[in-house]
Every structure is written in structure tokens, then in C-alpha cells.
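> sequence below, structure please.
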Amino acid sequence: MSAATVGGDTTFPRLQYLLKLSRPRFWPYLAGPVVVGVAGAATTVPELFAPLNLLLFAFFLVPANVQLYGVNDVFDRDVDESNPKKDDKEVRYGGDVLVPATVAVVSLAGLALFAAVPCVAWPYLAAYFLLAVEYSAPPFRFKTTPILDSVSNGLYVLPGAVAYATVAGVDPPITALVGGWLWSMAMHTFSAIPDIEPDREAGIRTTATVLGEVRTYAYCGFVWLAAATVFSFHSHPIGLLLLAYPATVLGIVWSDVSVDRAYWWFPALNTVVGALLTMGLLTRIVPPGAVVP
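This is a model prediction of the structure:
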């Protein structure tokens, strides 16, 4: 059985299918903010590796991605019939009960986190689960409403807010939260550019289908620039680091690189930026002079 469809009855191919459904290349998008949130809130080395932090990281690394993309694939079944990304990079949902059943189990596991994190983290955790489902599922199905599809994707910053609130016991800085939300909005809309034609053929209206490719580049560049500006009020180095995104958009526009190719560069770019951001935050706990001769 191909890993791209579910139709067999063996365990291994089904696990392969669920693994590919969870988009392993995008796992850092949810788990990475947890690392950043912990690094930004912790004041000692032991705090970094507290068991609850590791639990949050583990949940947002794999189970949360199975839930997020499982809901997406179930409710996008018709749309994905003509989406070329489903032919090799991702999977095409074929109607097997395995996916909704797994999403239900993972969702229940996620709700159990409310018993583990402090009350100050509850609003961020609740907002994450609401947006993770309603982005794709009725009644709101935000992904089919221009602008709301972009705004609702601020959900990617919420695992970091949960982690920060859990470690620090207070809300995360508003400039970091807003800056991260804007970054997520632009990242989502850029990711929607390769889907413009399939979405138009399916009759789905998104920010990208309404703006078209060229104006979507401009939108993403502007929002990423806004994210860098807002973050600079929290930290000038972070603001400067995030300028890498509008600069990358300019490079794509001025080159002959197709968006279908550039789209797959962003997981690497995000990993590098996230690693630099985390290391910068960790210098508050372990000064470079303490580890560099």
C-alpha cells in the first residue's frame, strides 16, 4: 500500500501514513515556539529541563501536528483532489476512519494538559485548540475567509505562550506575543501561495487567492516587516534577526526562483532563525563567557 493513501489493514503502513500526514518537515513550527518560550522565561538551567516543559515539547512536536493536519486533511478532502503537493510531499486523505479516530485521541490527550499547566497558561492553550480545529473545520473554517485565514494562523505562536506562562507564571510580553503572531500570519500566507491555483479551482477564497501571487508577496513582506518592528520594542537583536524574512521575500521576487521551490526552503530558514533566537535568549542564563574560553 502506498503511504500516500490509506486502504490497507496493516499497522506499519498506517503509522507511515499518520507520520507523513503530520508533515515532519513542519514539526518545528509548533515545537520550536515551546523551546523559545521556555528559553525566554527560565532563569536557571534546571528550569529549562523541567519535566512539564519536556511534556509540552513532546506534545507539540508530534501529537499536535497529527491533530492540526489531520483536521485539515479531513475537511480538505475535496479540495486536495487537485492539489499537486498531495502527490509526493504530503498525503491525500481517502476517507479512512483512522484519521478522525486518531485526531480524537490526540485531542483528548491535549486537553489533559489543562490539568498540568498553571491557570495563567489556560487562555493560550484554549485559544490554540480552538484555532487548530476551527481553522479547517466548520462552523468557522477560517481558512476559507480572506484575512481571517491569515490572522487565525497566529495559533503557531500560542505553544510558545503556553510554555512561557507555564515557566514564568505570568503572561508573555505583549510585544513578543504580537510580533510572533504577525510572523505566523505572514508565514501562513506565504505558504498558501503554491496553493493559489488548486484553491481557485476548488472555489476556495483565501488571502492568497484574492491578492494573487505578486500582491501576496507584498503582503507577506509588509507583515513580516511589521513583526520585526514590533519585536524590536521587546529586543533590538530579535527585531534585526526577523528582517531575514522580508529580505528573503525580496530575493524571491527579484530572482527566477519559483515559489514552489522557495516554499520548501522555509523550514530550514525557520530552524536557523529559531536556533539563533533561542541561543540569544539562553545567554541570559548562561553568559557566553562561561562556556567560551
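> contacts only, for Y156.
Residues near Y156 by Cβ atoms under 8 Å, 6 or more residues apart in numbering: Y29, L30, P33, G180, S184, M187, H188. Using the backbone N, CA and C atoms, a C-beta is placed for each residue, glycine as well.
> wait, doesn't the second one sit right on L68?
Looking back up the chat, that one is L30. Yes. Contact status for L30 versus L68: in contact at 7.3 Å, counting by Cβ atoms under 8 Å.
> shared neighbours of these two, anything?
Counting by Cβ under 8 Å, 6+ apart, nothing touches both L30 and L68.
> so how far is I147 from Y164?
Applying Cβ to Cβ, to the nearest Å, the value for Y164 to I147 is 27 Å.
> who's more crowded, these two?
For Y164 versus I147, neighbours defined as other Cβ atoms under 10 Å are more numerous around Y164 (28 against 14).
> so the more buried one, which state does it fall into?
Secondary structure, DSSP: H, G, I helix; E, B strand; the rest coil: Y164 is helix.
> so it versus G180, what's the distance?
10 Å.
> helices or strands next to the lengthiest helix in the chain in the packing?
Counting residues, the longest helix found in the chain (DSSP state H) is helix 207-234. Contact here means 3 or more Cβ pairs under 8 Å, 6 or more residues apart in numbering; DSSP states H and E; on that basis helix 207-234 packs against helix 148-151, helix 174-191, helix 196-201, helix 236-242, helix 244-254.
> burial of the closest residue to D78 other than its chain neighbours, as a residue count?
Of all residues not flanking D78 in the chain, A202 sits nearest, at 6.7 Å (Cβ to Cβ, 6 or more residues apart in numbering). Residues within reach of A202, counting by other Cβ under 10 Å, total 17.
> please apply the same query to P84.
For P84, the count of nearby residues is 14 (other Cβ under 10 Å).
> pretty sure L18 is touching A101, no?
No. Counting by Cβ under 8 Å, L18 stays clear of A101, with 10.6 Å between them.
> quick one, strands of the stretch 1-150 of the chain?
In the stretch 1-150 of the chain, no strands are found when defined by DSSP state E, counting those that start in this stretch.
> what segments of it are helices?
11-21, 28-41, 45-48, 51-61, 63-75, 85-88, 98-111, 122-134, 148-151 (DSSP state H, counting those that start in this stretch).
> just the ones you listed: most buried one?
helix 28-41 (a mean of 24; mean count of other Cβ atoms under 10 Å).
> and the contacts of that helix?
Under Cβ under 8 Å, 6+ apart, the answer for helix 28-41 is 47-48, 53, 56-57, 60-61, 64-65, 68, 156-168, 172, 176, 180, 187, 267, 270-271, 274, 277-278, 281-282.
> tell me the mean pLDDT for the longest helix of the chain?
In this model, helix 207-234 has a mean pLDDT of 96.
> any stretches of the stretch 51-200 of the chain with poor pLDDT?
82, 87-88 (pLDDT under 70).
> now with 90, please.
Within the stretch 51-200 of the chain, the stretches with pLDDT under 90 are 76-96, 191, 194-200.
> just the residues contacting stretch 84-93, thanks.
3-6, 17, 20-21, 23, 73-74, 76-77, 80-81, 83, 99, 194-195, 198, 264.
> just to revisit the earlier point, buried ones in the longest helix of the chain, by neighbour count?
207-209, 211, 216-217, 219-221, 223-228, 230-232, 234 (16 or more other Cβ atoms under 10 Å).
> next, the angle from that helix to helix 244-254.
Counting by axes from the mean of the first three to the mean of the last three Cα atoms, to 10 degrees, helix 207-234 lies at 140 degrees to helix 244-254.
> how about L61, nearest residue that isn't a chain neighbour?
A31 (3.9 Å).
> next, the angle helix 174-191 makes with the longest helix of the chain.
150 degrees.
> and for V120, the neighbour number?
17.
> ok, now how distant is the closest residue in space to it that isn't next to it in sequence from A41?
Nearest non-adjacent residue to V120, counting by Cβ to Cβ, 6+ apart: A165, 4.6 Å away. For A165, the distance to A41 (Cβ to Cβ) stands at 8 Å.
> what's the overlap in contacts for the two?
The contact lists of A165 and A41 share P172, where a contact means Cβ under 8 Å, 6+ apart.
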